[in-house]
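Can you look at this prediction? I've put the sequence above it.
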Amino acid sequence: MPHALADSQAALNALRGPVRLRTLTALRWLAVGGQTIAIVLVHFFLGFPTPLGLCLAAIAASAWLNLFTVLRFSPQRFLSDREAAAYIAFDIVQLCALLAFTGGLLNPFAALIIAPVTIAASILPLRLTVLISALALAGVSLLALYHMPLPWTPGETLSLAPIYNAGVWAALSFSVLFFAAYAHRIAAESAQMRSALAATQLVLDREQRLSALGGLAAAAAHELGTPLATIQLTAKEMLRELKDNEDLAQDASLLVSQAERCRDILGRLSRRGDEGDAMHDKIGVDALLKEAAAPFLDQPSGPVIRIETNSLDGAAEPTLRRRPEIIFGLRNFIENAASFARSEVVLTADWSAGSLAIAVNDDGPGFSPEILARLGEPYVSHRPASGRKSGMGLGFFIAKTLLEGAGAEIAFANQQWGDAPSRKGAQVTATWPMSALSLAPNA
């Protein structure tokens, strides 16, 4: 499990895209403008005396860094994780310095310390997010102990109870930790989902291209038929003209025979293409299961694959509109079942006039309780040890996504296998309404 956790964290880090320098500089310019307006309003319009020189110096430090980076680097430059962490760390230090000059945690704007931590949690890996959060917590703690008085009416001093100051410190510290954890988790799940859906789309595109090969073959055979007929006709005329030249006549005869052979091949290819189109457009339930399970049938080292079909209300076996995503999704579930089965995998199809349910059952160890609730999420890839490869990673997510996109409802469970009450295996069930698959009963 430690290796699995490490691999999972590495995958999360890889999914996080880099951040542009332009993004962080734009946010810093916004902070510089807001800080300047706040200091000017408090000092000149509200009449609260502030250490104007120190405050403007802290703001100028941010403006100077922005100017330096804009002049030194391209705004489109992507920052490394460490560079982005350094930029955000500077913003935290600068904000803490400005707050220290203006009352510390008594300053209502102390809540802004949460902003750079949230940004860091959204774009940085966990290790750097922890470091940024620790820096923010250290800054909050120092501000609680060391700060200049809050700007207030001349001649008066705002004094609050120590318990209130401790409450502000606790609230800000909790907020830093909460927003860091929350933003990091949401960003990680969003990145995972984008990556998994992109992989799903690539797989579906590949399956659709493979599905179209039959039609392309028929079209190619049709297009090549005319020039090949011309070649054959010309070769026959050459054969008639070259009867007196034995060597050339043999060559012309060979050319005629090979042209005939090509026409036969193209004819078979065209007929197969037509059959392929019909097969792709219409397929029975039994044929669908056999095609999905084809790579795993009759494997000497693999489990036995059994297919069972049943009509629940006496309805005839439905004819399905063949869809590559359904075959690929079922095949992924079958592959997963074959990986964990002890000796047998059973594919069952039950239909009625209104619905079709296809279940993939194996006699393996079943789904572990902690994984059962998370099945179908991307990068969930663990089952009770069975001496075989782990499953249910991105491929399991892709299969679920493809089948749900085709109108299915997916359910996961552990079912009793055979007569032994303690022997349970995994079961994955996909259920469609007839209308979702454009199904029609056979005549």
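Looks like it came in fine. Note that the structure is predicted; figures quoted are calculated from it, not measured.

quick one: the helices in the stretch 251-400 of the chain?
285-293, 324-340, 369-372, 394-405 (DSSP state H, counting those that start in this stretch).

So which of the ones you listed is nearest L99?
helix 369-372 (43.9 Å; Cβ to Cβ). Yep, even glycine has a C-beta here, placed from its N, CA and C like the rest.

Measure how far stretch 320-337 is from the centre of its chain, please.
Centre-to-centre, stretch 320-337 and its host chain are 19 Å apart (Cα atoms, centre = their mean, to the nearest Å).

now do stretch 400-416
Worked out by Cα atoms, centre = their mean, stretch 400-416 lies 18 Å from the chain centre.

and it, average pLDDT?
Per-residue pLDDT over stretch 400-416 has a mean of 86.

Could you pick out the longest strand of the chain?
strand 424-433 (DSSP state E).

Point out the most buried one among the helices of the stretch 251-400 of the chain.
A comparison of the helices of the stretch 251-400 of the chain by mean neighbour count, using mean count of other Cβ atoms under 10 Å, puts helix 324-340 on top with a mean of 24.

I'd like to know which elements the longest strand of the chain is packed against.
When contacts are defined as 3 or more Cβ pairs under 8 Å, 6 or more residues apart in numbering; DSSP states H and E, strand 424-433 sits against helix 324-340, strand 355-362, strand 409-416.

what do you get if the cut-off is 6 Å, keeping everything else the same?
Applying 3 or more Cβ pairs under 6 Å, 6 or more residues apart in numbering; DSSP states H and E, one finds that strand 424-433 contacts strand 355-362, strand 409-416.

For the helices of the stretch 251-400 of the chain, give me a markdown table that also has distance to S80.
Below are these laid out as a markdown table (distance: least, Cβ to Cβ, whole Å):
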| stretch | distance to S80 |
| --- | --- |
| helix 285-293 | 45 |
| helix 324-340 | 36 |
| helix 369-372 | 35 |
| helix 394-405 | 26 |
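
right, so of the ones you listed, which gets closest to P433?
helix 394-405 (13.1 Å).

who does that closest one touch, helix- and strand-wise?
helix 162-211, helix 324-340.

and these, which one's lowest on average pLDDT?
Mean pLDDT per stretch puts helix 162-211 lowest among the helices and strands packed on helix 394-405, at a mean of 76.

tell me the domain ranges of this structure?
2-204, 213-281, 284-441 (automatic domain parsing).

tell me which element M148 falls in.
M148 belongs to no helix or strand when elements are defined using DSSP states H and E.

Number of residues surrounding the residue lying closest to it once chain neighbours are set aside?
If the residues on either side of it in the chain are set aside, M148 comes closest to F101, at 5.4 Å by Cβ to Cβ, 6 or more residues apart in numbering. Residues near F101, counting by other Cβ atoms under 10 Å, number 22.

same deal with S355?
Neighbours of S355 under the rule other Cβ under 10 Å: 17.

What are the neighbouring residues in contact with it?
P433 (Cβ atoms under 6 Å, 6 or more residues apart in numbering).

give me the beta-bridge partners of it?
P433 (DSSP bridges).

Can you show me the strands along the stretch 201-350 of the chain?
Counting by DSSP state E, counting those that start in this stretch, the stretch 201-350 of the chain has strands at residues 283-284, 304-311, 318-320, 344-351.

can you redo those strands as a markdown table with mean pLDDT and mean neighbour count?
Shown next, in a markdown table, are those (pLDDT from 0 to 100; neighbours: other Cβ atoms under 10 Å):
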| stretch | mean pLDDT | mean neighbour count |
| --- | --- | --- |
| strand 283-284 | 86 | 18 |
| strand 304-311 | 90 | 15 |
| strand 318-320 | 85 | 20 |
| strand 344-351 | 92 | 21 |
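
For H147, which of the helices of the stretch 251-400 of the chain is the nearest?
helix 369-372 (47.2 Å).

now stretch 360-377, how far from the chain's geometric center?
Distance, centroid of stretch 360-377 to centroid of chain: 20 Å (Cα atoms, centre = their mean).

if we can go back for a sec, double-check the residue nearest to M148 against H147; I have them as touching.
No. With contact defined as Cβ atoms under 6 Å, F101 does not reach H147; the gap is 7.9 Å.
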